[in-house]
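Q: give me a model of this one.
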Amino acid sequence: MGRHQSSAGRRPLTTTERALLDALLDHEFDGVAELRAQARLATASTGCECGCVTIDLHVPDDVPVSSAGTAPVEGTVVDASGAPIGGVLLFVEQGRLSGLEVHALDEPLRFPVPLRAP
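A: Residues are numbered from 1 along each chain as shown. The predicted model follows:
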C-alpha cells in the first residue's frame, strides 16, 4: 500500500475520509497515539483501480512509528436501518498508516459510508 508512491498522485484526505480515519482511531490500543499523530499529517492516493472505496495513506517519514499491528482496527459499515452491509479495515505497514479499505458484503459501496467501529 501507500508508502512507495510518488507524491505527485497524493492529495489531502476528504472530509469523509478524515472522519472515517478519526472514528477508527477513536479507540484505545497499543500504538494508537502514534497513529493519531500520523493521521493528522496523512495524505491519500487511489489505492485500487477497480473503483472500490480503498485509498492508500501516506505519512511523512519524520513522524513517530507505531507499535500497532498490520490491521489494528476494523469496523462495520451499516445501512440506514443499522444492518451490516460491509466493513472497513485500517492498514499499518512498518508502524505507519498505509491504507484504508472499505469493502461490501454484497453491492459496491461508495463514500460516504455509515460506520460502526468496534
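Q: next one: phi and psi at the residue of the chain positioned farthest from its centre?
A: Farthest-out residue of the chain from its mean C-alpha position, per Cα atoms, centre = their mean: S81, at 23.9 Å. Note on S81: backbone dihedrals following degrees, to the nearest 10 are phi -90, psi 0.
Q: tell me where the chain has helices.
A: Taking DSSP state H as the criterion, the chain contains helices spanning 15-24, 32-41.
Q: and R10, how many residues sit next to it?
A: Neighbours of R10 under the rule other Cβ atoms under 10 Å: 16. For every residue, glycine as well, the C-beta is placed using N, CA and C.
Q: where does pLDDT dip in the chain?
A: 1-8, 47, 49-52, 108-118 (pLDDT under 70).
Q: okay, which residue is most central for it?
A: Ranked by distance to the mean C-alpha position of the chain (Cα atoms, centre = their mean), the top residue is L100 at 2.7 Å.
Q: for that residue, which non-adjacent residue is spatially closest?
A: Taking Cβ to Cβ, 6 or more residues apart in numbering as the measure, L100 lies nearest to I55, with 5.2 Å between them; neighbours along the chain are not counted.
Q: what does L97 give?
A: Once flanking residues are discounted, L97 sits nearest to L57: 4.3 Å by Cβ to Cβ, 6+ apart.
Q: got a list of what the one you found touches?
A: Contacts for L57 (Cβ atoms under 8 Å, 6 or more residues apart in numbering) come out as 1-2, 21, 42-44, 91, 97-100.
Q: ok, what's across the strand from it?
A: Under DSSP bridges, the beta-bridge partners of L57 are A44.
Q: neighbour-wise, which one of the contacts of L57 leads?
A: L97 (28 neighbours).
Q: please consider this matter closed, and thank you.
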